[in-house]
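Peer 1: Below is the sequence, then the predicted model.
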Amino acid sequence: MTEGIEGKLAIVTGAGGGIGRATALRLARAGADVALLDIDLGHGKKWGEALSAESVVEEVRALGRRAFGFQADLGDRAEATGAIKQAVAELGGLDILVNVAGGAITKMETSFASITPDEDMNVLFNANYASAVNCSQAAVPVLRERGGGVIVNVSSPAGLRGSATGSLAHYGASKAALNIFSQALAGEVGKDKIRVNVVLPGYTQSGRVATLTQARGFNPIPTNALGRFPMPDDVARGIEFFCSDLATMVTGQILAVDGGPSSG
């Protein structure tokens, strides 16, 4: 088991599939009890992910850990606060919060900087920025009372630089906002022994991404140093590192889990 995770109490958002599901399972294998939050806890199964049990919650329980599932729109402050409160009550406390919820969930065709509709912009900022802010703000008082803890936010390389084509403009902007929020929060709560870090996945082959890529007739070729796209568990390993005692002196950092520099 990874050092410092056994016996911990964790909340993972976006846990219904992809990186969130992989993170929940990895933390459970490392010995944590897990509360799984998502707007739809069954979305991984719907996108073709092969579950080892009837649901993600049951997958965690099959690993011998306590697990609780809550569905909520985490971009809504009241729903997010209520979900975190319920999760903490069921777990009996909180040590780890991992904010995975979000994604490039609006139409690619209207994602360009000059034409993104207000509706799409609001959807993206609610999913990718507000959800993490809402959950973090609800969790920080609990972590302070606990005497410390860990927050890991999942961002994107799109939050570091605009694309050459101008696409995914507001998705990138929402992730850039998340990066700055995370580093500011790390500076604020370090004195409370709360560490806050960010993971940047590359083009991760979750069930949703793989299905949508195929449906759009898009056949991307990996150009990173390792020559393959990350899988959800690759990203979850980076998250696990930040959650563990191996990272006790690491906060305010942004870690790319993307296969290294690109030749493209």
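Peer 2: Everything's here; your move.

Peer 1: roughly how far apart are the closest residue to Gly75 other than its chain neighbours and Lys175?
Peer 2: For Gly75, the nearest residue in space outside its immediate sequence neighbours is Asn126; the separation is 3.1 Å by C-beta to C-beta, 6 or more residues apart in numbering. Every C-beta, even on glycine, is put in place using the N, C-alpha and C of the backbone. In this view, Asn126 and Lys175 are 13 Å apart by C-beta to C-beta, to the nearest Å.

Peer 1: quick one, which of those two is more surrounded?
Peer 2: Per other C-beta atoms under 10 Å, whichever of Asn126 and Lys175 has more neighbours is Lys175, with 26 against 18.

Peer 1: Now for Leu36: which residues touch it?
Peer 2: If you count contacts by C-beta atoms under 8 Å, 6 or more residues apart in numbering, Leu36 has them with 12, 15-16, 20, 24, 56-57, 60, 67-70.

Peer 1: mind running it again at 10 Å?
Peer 2: Neighbour list for Leu36: 10-16, 20-21, 23-24, 28, 55-57, 59-60, 67-71, 87 [criterion: C-beta atoms under 10 Å, 6 or more residues apart in numbering].

Peer 1: Gln71 too?
Peer 2: Counting by C-beta under 10 Å, 6+ apart, the residues that Gln71 touches are 16, 36-42, 79, 83.

Peer 1: Try it again at 6 Å.
Peer 2: Contacts for Gln71 (C-beta atoms under 6 Å, 6 or more residues apart in numbering) come out as Leu41.

Peer 1: For it, what are phi and psi?
Peer 2: For Gln71, the backbone dihedrals are phi -100, psi 130 (criterion: degrees, to the nearest 10).

Peer 1: what's across from it in the sheet?
Peer 2: With DSSP bridges applied, Gln71 shows beta-bridge pairing to Asp38.

Peer 1: Could you do Val198 as well?
Peer 2: For Val198, the beta-bridge assignment (DSSP bridges) gives partners Asn153, Ile254.
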